[in-house]
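Colleague: Sequence first, predicted model second:
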Amino acid sequence: MDTIPLRDAYRALLDAAATVDGHGDAGPLPPAGEWNADQILAHVAILNATTLAAVSTIASGANTTYDNRMALDTWTIERLITLTGGNAGLRERIRLQADALCALGGPALSDTELDTPVPTRLLSKDTALVDAPVPLRDLITGLAEVELPGHTRQLLALLPSGGAAEAAT
């Protein structure tokens, strides 16, 4: 499995997070009910841990499940922010998780392992998006194609007007 798109998606997310963090408190507050930069990063770090657990379990020859509900839990998100020391610690954790996931999700797994159906539950804002088996490969590519780019855009939206355009260039 080619993990270059996944690595690129992580790089874009981390660049956006660093840009937002570099602006300090200059950016607007997120709209009511939306996350700030640290909360977005904590959510991503929890998803990464969940994905790494699923990949590692499949690599060990065992069956697994995938459930993103913990990555949506406010208490868990805030606890992870505290445990990592905030934005810089979260970015470093995500960088290391990205390295691990790109190593495990690519050359370390066979096509049979990547095609293993994983019972999956994905929620977004209390709406079930997926509640069915999903091949492990699709969970990994979903990070690269949907999840990480969506959170990159969410981070860039926190920049003052015009800042997102500057960050994109």
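Modeller: Sure thing, it's come through. These figures come from a predicted structure and were not determined experimentally. Numbering: from 1, shown residues only.
Colleague: tell me the secondary structure for the residue positioned nearest the centre of the chain?
Modeller: The centroid of the chain falls nearest to residue 44 when counting by CA atoms, centre = their mean (3.2 Å). At residue 44 the chain is in helix, as set by DSSP: H, G, I helix; E, B strand; the rest coil.
Colleague: Was I right to think it contacts residue 13?
Modeller: Yes: taking contacts as CB atoms under 8 Å, residue 44 lies within contact range of residue 13: 6.8 Å. Any C-beta I mention is one placed from the backbone N, CA and C, and that applies to glycine too.
Colleague: which neighbours do these two share?
Modeller: 94, 148, 151 (CB atoms under 8 Å, 6 or more residues apart in numbering).
Colleague: How about residue 142, nearest residue that isn't a chain neighbour?
Modeller: Using CB to CB, 6 or more residues apart in numbering and skipping the chain neighbours, the partner closest in space to residue 142 is residue 134 (8.0 Å).
Colleague: Check the gap between the one you found and residue 78 for me.
Modeller: 29 Å (CB to CB, to the nearest Å).
Colleague: Looking at these two now, which is surrounded by more residues?
Modeller: The neighbour count for residue 134 versus residue 78, taken as other CB atoms under 10 Å, is higher for residue 134 (17 against 13).
Colleague: List the residues that contact the more buried one.
Modeller: 66, 117, 118, 120, 142.
Colleague: Now compare those residues and name the two farthest from each other.
Modeller: Greatest spacing in those, by CB to CB: 117 and 142 (14.3 Å).
Colleague: More neighbours: those two, which one.
Modeller: residue 142 (16 against 12).
Colleague: pLDDT weak spots in this structure?
Modeller: 24-28, 161-169 (pLDDT under 70).
Colleague: residues contacting residue 123?
Modeller: 68, 69, 72, 129.
Colleague: Distance of residue 150 relative to residue 138?
Modeller: 16 Å.
Colleague: picking that back up, closest to residue 57 among the contacts of residue 134?
Modeller: residue 118 (9.0 Å).
Colleague: Counting neighbours, what do you get for the closest one?
Modeller: Neighbour count for residue 118, taken as other CB under 10 Å: 20.
Colleague: Same check on residue 98?
Modeller: 22.
Colleague: Now do the same contact list for residue 132.
Modeller: Counting by CB under 8 Å, 6+ apart, residue 132 touches 119, 120.
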